[in-house]
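Visitor: no sequence for this one, just the structure:
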C-alpha cells in the first residue's frame, strides 16, 4: 500500500514589495515539505521490518522475534521451529513474508535481506559437570565423601545434549554398591523430573593427593619446589610411604634415578650430600677443654647430620664422624663415666 500524504495548498502571499513568489519557488517548497512528510510517515505508522539476526529464547521462533514492530497481539505467534540448543540456522526472507502474510502482516520491509540468521543460546555439557552431579548424589544418598571421590565411567564419555546456559544437572535414580563401588544414575536437568539427558554407569574410586615428579632426575640431582605437582591418583595405587607434604621437596636430592610422572616416596629423597666419598675432609676432634683438627679421607658420602666413616691417613685409624659442614666432620670423645671405688 502506498501512502500519499495530503499537503495543504499554499496560499500566495505578496510582500509589501512589487514582486510576489514565483511559481517555481512555490513548487520547490511544496516538494520539500512532501519529502519531509514521506520520510516521517514510516516512523509515525510503525514500520514492519525483518530483523537481520535473532536469538531464539525457546523451542519456537515467533513473529515478534522475526518482524520488528509486529503488533503485540501477534508478536507471540509461533511460526518456525528454533534450532537445537547451542546451534544456529537461517530462515529465508520469502518464507518469513509468507508466514507474516498468513497472520495479516503484509507490508513487511525486507531491508534487502534474503535470509535471517537464527541463533539459540546454549552450551555443551562436559564430563566434569556430569561427574560433579554423580558425586553430589552419591554423597547425599550414600554418605560417600565427594572430596576424595573420582568417577570412572564405563566406555567413552557419556553423550549429553546441549543445555540452556543457566541449566543445572542432577543425578537421579542413583544406585551404588559399596563393595564393588559401582554405580548407575540418570542425568537430568534440575527441576525437570522425567526429562532424562543420559544414563550413566561406572565406578566410584577413592582418590588421594600425591606429589608427582614433573621431570626425571639422576641420582644426586637437587629438586626445587616447581619440580613436583599435586595430583589425584586412585588410593589403591598409591604406595603407603608416598610423600604427602610438598614442602619437604625443595633442596633435597634424589637418592636414586627417578622417572618423570612417578609418585614421590619418602625414601626417594635425601638431604643434599655435602661430603663426597673419597673426599679429603677436616676432622674436628673435641674433648672437654680441647679441640684438635686433622685431615682425613671420607669413606662414604653424607649429608649434614649423617654419620660417616673417615680414615686418618697417618694412623690408618678409622673413625665414625658426623657431617657438620661441606668438607668437615666432627668426632665427639666419649664422656668418661664415674670410676668405681673399691669396697
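Guide: Noted; the coordinates are in hand. All values reported here derive from a predicted model rather than from experimental measurement.

Visitor: the closest residue to residue 258 other than its chain neighbours: neighbour count?
Guide: Of all residues not flanking residue 258 in the chain, residue 217 sits nearest, at 4.6 Å (C-beta to C-beta, 6 or more residues apart in numbering). Just so you know, the C-beta spots here come from the backbone N, C-alpha and C atoms, and that holds for glycine as well. Applying other C-beta atoms under 10 Å, we find 21 residues neighbouring residue 217.

Visitor: got the contact list for residue 217?
Guide: If a contact means C-beta atoms under 8 Å, 6 or more residues apart in numbering, then residue 217 has 223, 227, 254, 257, 258 as its contacts.

Visitor: among the residues you listed, name the buried ones.
Guide: 223, 227, 254, 258 (16 or more other C-beta atoms under 10 Å).

Visitor: that older thread, please narrow the contacts of residue 217 to those residing in strands.
Guide: residue 254 (DSSP state E).

Visitor: shaky segments in the chain?
Guide: 1-46, 192-194, 333-343 (pLDDT under 70).

Visitor: tell me the centre residue of it?
Guide: When C-alpha atoms, centre = their mean is applied to the chain, the residue found nearest the centroid is residue 128 (9.7 Å).

Visitor: and that one, backbone torsions?
Guide: Main-chain torsions, residue 128, degrees, to the nearest 10: phi -60, psi -40.

Visitor: from residue 282, how far out is it?
Guide: Distance, residue 128 to residue 282, by C-beta to C-beta, to the nearest Å: 59 Å.

Visitor: one more: residue 168?
Guide: Residue 168 is 70 Å from residue 282, where distance means C-beta to C-beta.

Visitor: show me where the stretch 151-300 of the chain has strands.
Guide: Per DSSP state E, counting those that start in this stretch, the stretch 151-300 of the chain carries strands over the ranges 169-177, 182-189, 196-213, 228-234, 253-254, 269-270, 273-275, 280-287, 290-298.

Visitor: now do the end-to-end distance for stretch 320-329.
Guide: The straight-line separation of the ends of stretch 320-329 (C-alpha to C-alpha, to the nearest Å) is 9 Å.

Visitor: neighbours of the residue lying closest to residue 172 once chain neighbours are set aside, how many?
Guide: Using C-beta to C-beta, 6+ apart and skipping the chain neighbours, the partner closest in space to residue 172 is residue 186 (4.8 Å). Residues contacting residue 186 under the criterion other C-beta under 10 Å number 16.

Visitor: mind listing what residue 186 touches?
Guide: Counting by C-beta under 8 Å, 6+ apart, residue 186 touches 171, 172, 173, 196, 198, 199, 200.

Visitor: 10 Å instead?
Guide: Counting by C-beta atoms under 10 Å, 6 or more residues apart in numbering, residue 186 makes contact with 137, 170, 171, 172, 173, 174, 194, 196, 197, 198, 199, 200.

Visitor: how much space between it and residue 215?
Guide: Counting by C-beta to C-beta, the gap from residue 186 to residue 215 is 44 Å.

Visitor: can you check residue 175 too?
Guide: Using C-beta to C-beta, we find residue 175 at a distance of 43 Å from residue 215.

Visitor: contact partners for the nearest residue to residue 127 once chain neighbours are set aside?
Guide: Nearest in space to residue 127, with sequence neighbours left out and distances taken as C-beta to C-beta, 6+ apart, is residue 157 at 4.6 Å. By C-beta under 10 Å, 6+ apart, the contact list for residue 157 reads 125, 126, 127, 130, 131, 198, 200.

Visitor: before we move on, what about residue 281?
Guide: Residue 281 makes contacts with 274-275, 294-298, 302, 308, 310, 321, 323, 325-329, as judged by C-beta under 10 Å, 6+ apart.

Visitor: do that again at 8 Å, thanks
Guide: Residues near residue 281 by C-beta under 8 Å, 6+ apart: 275, 295, 296, 297, 298, 310, 327, 328, 329.

Visitor: next one: residue 59
Guide: 81, 82.

Visitor: could you chop this structure up by domain?
Guide: 48-120, 127-206, 209-270, 274-332 (automatic domain parsing).

Visitor: off-centre distance for the shortest one?
Guide: Read that as domain 274-332. 55 Å (C-alpha atoms, centre = their mean, to the nearest Å).

Visitor: endpoints of it, how far apart?
Guide: 20 Å.

Visitor: now swap in the third one and tell me
Guide: Start-to-end span of domain 209-270 (C-alpha to C-alpha) is 22 Å.

Visitor: over to the second one?
Guide: Start to finish, the residues bounding domain 127-206 are 18 Å apart (C-alpha to C-alpha).

Visitor: start the count at 22 instead of 1 going forward.
Guide: Shifting the count to begin at 22 puts that one at domain 148-227.
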